[in-house]
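Q: Quick one, structure for this:
(2 chains)
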There are 2 protein chains.
Amino acid sequence: MTIVKSMKKIVIYVASRCLCKILEALAFILFILFNRPKRSAIPPIVDRNLVTPAVKLSQQMRDGQLTSEQVVQSFIKRIKSVNPIINAVVFDRFEKALDEAREIDRRIAAARAGNGDTSILKMPLVGVPVSVKETIAIEGHPYTGGLKARKLTRAAKNADAVDLLQKNGLIPIALTNIPELAMWWDSNNPVYGATNNPYDLSRIPGGSSGGEAALLASAGSVVGIGSDIAGSIRIPANFCGVFGHKPTPKIVSTEGMFPYCNGEREMLLGLGPMTRYACDLVPMLKVLAGPKVDQLKLDEPVDMSSLKLYYIEDFNDPLASGCNTDIIEGMRSAIKYLVDKFKISAEKVYLDELKFGFLLWAAEANKEPNLPKFAELINNGNGELNPIVELFKKIFDVSDHTFNSIFFVALEKFSPSYGSSTNKMLIRKAAQLRK
Amino acid sequence: MTIVKSMKKIVIYVASRCLCKILEALAFILFILFNRPKRSAIPPIVDRNLVTPAVKLSQQMRDGQLTSEQVVQSFIKRIKSVNPIINAVVFDRFEKALDEAREIDRRIAAARAGNGDTSILKMPLVGVPVSVKETIAIEGHPYTGGLKARKLTRAAKNADAVDLLQKNGLIPIALTNIPELAMWWDSNNPVYGATNNPYDLSRIPGGSSGGEAALLASAGSVVGIGSDIAGSIRIPANFCGVFGHKPTPKIVSTEGMFPYCNGEREMLLGLGPMTRYACDLVPMLKVLAGPKVDQLKLDEPVDMSSLKLYYIEDFNDPLASGCNTDIIEGMRSAIKYLVDKFKISAEKVYLDELKFGFLLWAAEANKEPNLPKFAELINNGNGELNPIVELFKKIFDVSDHTFNSIFFVALEKFSPSYGSSTNKMLIRKAAQLRK
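A: Numbers count the residues shown, from 1 in each chain, chains lettered A, B, ... in the order given. Alright, predicted model coming up:
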């Protein structure tokens, strides 16, 4: 029996591996046939303001060496030159941003002259323009989530995060692109079209905060905010080579985001900073955490030598493509640096359950009864979307949805629903994994 | 034999009529199921400048009662408020338009004060903003023809028509939407998306100059220019209730248009004015005709009582839907007015050949050898598009073309090609019809 079982396992493993390799080969062939790389289309950066971290820009403003208006103008000019190429910005508020910048310049000048409120001189990011993911509400601005049915929807009031940014002197300059309902790892939707990766326009920038990442990577913005329920900050930051951070749940308010998220699902969601420079991540997180910033103890020194380092190189899943070797090398050299510098030990681990990653995530997202399904959300309150009908409609240009969304609806139909035994088993597995 | 032939004819006629009625019923059902009317979404007009004919606006400027800058500002504000709803403007040049308006205001003021050139006071449309179809070149502006492969293409120099507009003091304010390659009777393309009809957002505005017509109808522009090779000015003007004129070939230069057109095909193409008010058509045509304006004898009085009036109410084609009765009624009352006023006779005619309208047009468009096919043009120089492959690609969001374009490619495959006996027969038929 044991031998038969082992044989069966080996056969399944080999078959899965073959299937994976065949699909990889097919993808490779399709890619070189239809997706020629389009590189070097982004114009070179000739403005120093565009390659300066946000904290330095703000410091220079508070030192009187630079005005917020100049910096905002630099980014407006850059967005105008790169956006026709990458389609990252879907709505701009250039005029309002300039007005706000001039107001901040006046307040800084007054504070420096000793007139009025000097607290502005202590704000580490005052006067810096910030880009905002389109699914995060700015009053009166588009708030569609890439859904055609919401094409004309405008936000009634600011998201908490936007209020905090503005309170700390940051200036929202533009809204950035997303996939439909912010639920895919590209950034293409029927309202705004697709965002391209600035390093190769034939490739996707990742998603769902892909407009944000592409804009930061092409120096059209220096700091921005995104959100992440299943990799939506981390994936595009990775694809575009910028920095992103998904904060611990319940630290940064997610009030004022579309699609709405509450209950247990909210525990998966994080609104966080995305930046062109690593040094801007912590100041941005401090701003976004607002009153809860103390819970993070960000200014408490960390005894690095007391830490243990665990890392994963592989999911050990025969159906998964391997990680790019450059990325593995990058991780290894970072580990080596930490091990050498702080004399700590690093241990490579396998987490076998990660091969069920998507199912575990889906189970966690369906921990409660009666949560809205993706098939309903995407149909904007008109019942569940029928994926077969929708694919047929695509041929005649009368579908309002991307293929990826329709595919996700189909995927959802096959996922274990709330209350099913598989769902319960997966939730248990996820809880174990967490320990 | 004659009886058999007659019987056969009757059977074909009845069968065609039935097919037509079944398709009409099907279209009606699909329409009420999936295309709910969306009316009254366009904000009301509260600015008097938006409902004044162009000739009056210009007169008021030259009389010193109004400035060009004020008028341009009125239209900028209106475009900003209606365009998110109708998607007619695909690129704006608001800042440049304002600069040009201020320059014209200075020149008018100087001329009125008796300083410098006073010829500006004789230009009937000086200072008026004008919208321009995206396929008509303005230097440095998008010039894509709705082709995704040309998304970043910018015009190298102005079309002749644009030069003439600017020479006569008109101010290009925005580029308007089109179907892909300007070859369909809607205005939807993969670069800019679809334009909606302002009277019912669920309907198309006509095409190919559909962005132009929708913008004029919603008072986002007062005069514009379009082009027409198979109804592209006349159809959208009809669908949106505005005025359009396709001039006699070779009067208005078509230099600087995409797709390029020459030889016999150019005889089918006309670049002409589209206006919100009928009284602006002639002044616009005079501007566009440039040096050839004298050939039109537009200022020579016409002896109306010497004219004969012929009109068509019906193609007598069992496969064609009947004309809307409101339109027939409108035409009849116009005829009655002319007959009563000028004591002329009106005669209803049948032109049997018109039932082959599309084939006759296609034959005329293929009068010469080696003309580029639509299937090649749409593929932007990468061989002929394969319509079957393309429909399949649509499902996965990797097609760069609309269903209508793909359908047109398929249609072209079944049209008689240059040199075929059917092509020659059709060209003869067209020549007879012309007499």
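
Q: just checking, A:Lys8 is part of a strand?
A: No - counting by DSSP: H, G, I helix; E, B strand; the rest coil, A:Lys8 falls outside a strand, being helix.

Q: For it, list the residues it contacts.
A: Applying CB atoms under 8 Å, 6 or more residues apart in numbering or on different chains to A:Lys8 gives no contacts. Glycine gets a C-beta too; all of them are placed from N, C-alpha and C.

Q: Distance-wise, check it relative to chain B.
A: From A:Lys8 over to chain B the distance is 35 Å, taken as CB to the nearest CB, to the nearest Å.

Q: Excluding residues flanking it in the chain, which one is nearest A:Pro179?
A: Spatially, and ignoring its direct neighbours in sequence, A:Pro179 is nearest to A:Gly207 (4.8 Å; CB to CB, 6 or more residues apart in numbering or on different chains).

Q: Kindly report the same for A:Ile45.
A: A:Ala219 (5.2 Å).

Q: burial of the one you found, as a residue count?
A: Applying other CB atoms under 10 Å in any protein chain shown, we find 23 residues neighbouring A:Ala219.

Q: A:Phe75 and A:Val130 touch, don't they?
A: No - using CB atoms under 8 Å, A:Phe75 makes no contact with A:Val130, being 9.8 Å away.

Q: Mind listing the shared neighbours of the two?
A: With CB under 8 Å, 6+ apart, A:Phe75 and A:Val130 have common neighbours A:173, A:221.

Q: before we move on, back to that, mind checking which helix or strand the residue nearest to A:Pro179 is in?
A: A:Gly207 belongs to no helix or strand when elements are defined using DSSP states H and E.

Q: For it, grab the count of nearby residues.
A: 30.

Q: Would you enumerate the residues in contact with it?
A: Per CB under 8 Å, 6+ apart, neighbours of A:Gly207: A:178-179, A:182, A:184-187, A:232, A:235-236.

Q: Which single one of those residues is nearest to chain B?
A: A:Asp186 (9.5 Å; CB to the nearest CB).

Q: Flag every buried residue along the lowest-mean-pLDDT helix or strand in chain A.
A: For chain A, the helix or strand with the lowest mean confidence is helix A:421-434, at a mean of 80 (criterion: mean pLDDT, DSSP states H and E). Buried residues in helix A:421-434, defined by neighbour count with 16 or more other CB atoms under 10 Å in any protein chain shown: A:423, A:426-427, A:430.

Q: again, but for stretch A:353-361
A: Buried, per 16+ other CB under 10 Å, within stretch A:353-361: A:356, A:359-361.

Q: Okay, and which of the residues you listed map to helices?
A: Using DSSP state H, the members of those that fall within helices are A:359-361.

Q: Counting neighbours, what do you get for A:Asn238?
A: For A:Asn238, using other CB under 10 Å, the count is 14.

Q: Is it part of a helix or strand, or is it coil?
A: The three-state label given to A:Asn238 by three-state DSSP is helix.

Q: separation between the nearest residue to it once chain neighbours are set aside and A:Ala217?
A: Distances taken as CB to CB, 6+ apart place A:Gly206 nearest to A:Asn238, at 6.5 Å, with adjacent residues excluded. Using CB to CB, to the nearest Å, A:Gly206 is found at 10 Å from A:Ala217.

Q: higher neighbour count, the two?
A: Higher neighbour count among A:Gly206 and A:Ala217: A:Gly206, with 28 against 24, using other CB under 10 Å.

Q: Please read off the pLDDT at that one from the model.
A: Listed pLDDT for A:Gly206 reads 97.

Q: which residues does it contact?
A: When contacts are counted by CB under 8 Å, 6+ apart, A:Gly206 is found next to A:185-187, A:197, A:213, A:235-240.

Q: How about the secondary structure of A:Tyr310?
A: Relying on three-state DSSP, one would call A:Tyr310 strand.

Q: can I assume it is in contact with A:Val349?
A: Yes - using CB under 8 Å, A:Tyr310 makes contact with A:Val349 at a distance of 5.0 Å.

Q: what's the offset of the least confident helix or strand of chain A from the middle of its chain?
A: The chain centroid and the centroid of helix A:421-434 are separated by 26 Å under CA atoms, centre = their mean, to the nearest Å.

Q: Then stretch A:328-342?
A: 25 Å.

Q: Go through it and flag the buried ones.
A: Going by 16+ other CB under 10 Å, stretch A:328-342 has no buried residues at all.

Q: mind checking the backbone torsions on A:Asn168?
A: phi -90, psi 20 (degrees, to the nearest 10).

Q: Flag every residue of chain A that's near chain B.
A: A:34, A:84-85, A:151-152, A:188, A:193, A:391, A:394-398, A:402-404 (CB under 8 Å from any CB of the partner chain).

Q: ok, now with 10 Å
A: Residues of chain A lying close to chain B (CB under 10 Å from any CB of the partner chain) are A:30, A:34-35, A:41, A:84-85, A:87, A:91, A:142, A:148, A:151-152, A:154, A:186, A:188, A:190-194, A:201, A:390-399, A:401-407.

Q: can I see the domain layout of chain A?
A: If you go by the TED database, the domain ranges for chain A are A:8-36, A:48-295, A:308-434.

Q: Quick one: end-to-end length of the longest one, please.
A: Put plainly, it is domain A:48-295. With CA to CA, to the nearest Å as the measure, domain A:48-295 spans 36 Å from end to end.

Q: A:Leu271 looks like it's in a strand, true?
A: Yes - secondary structure assignment (three-state DSSP) places A:Leu271 inside a strand.

Q: Looking at neighbours, which among the contacts of A:Gly206 is most surrounded?
A: A:Ser187 (37 neighbours).

Q: Phi and psi next, for A:Cys323.
A: According to degrees, to the nearest 10, A:Cys323 has phi -70, psi 140.

Q: ok, how many other residues are close to it?
A: 13.
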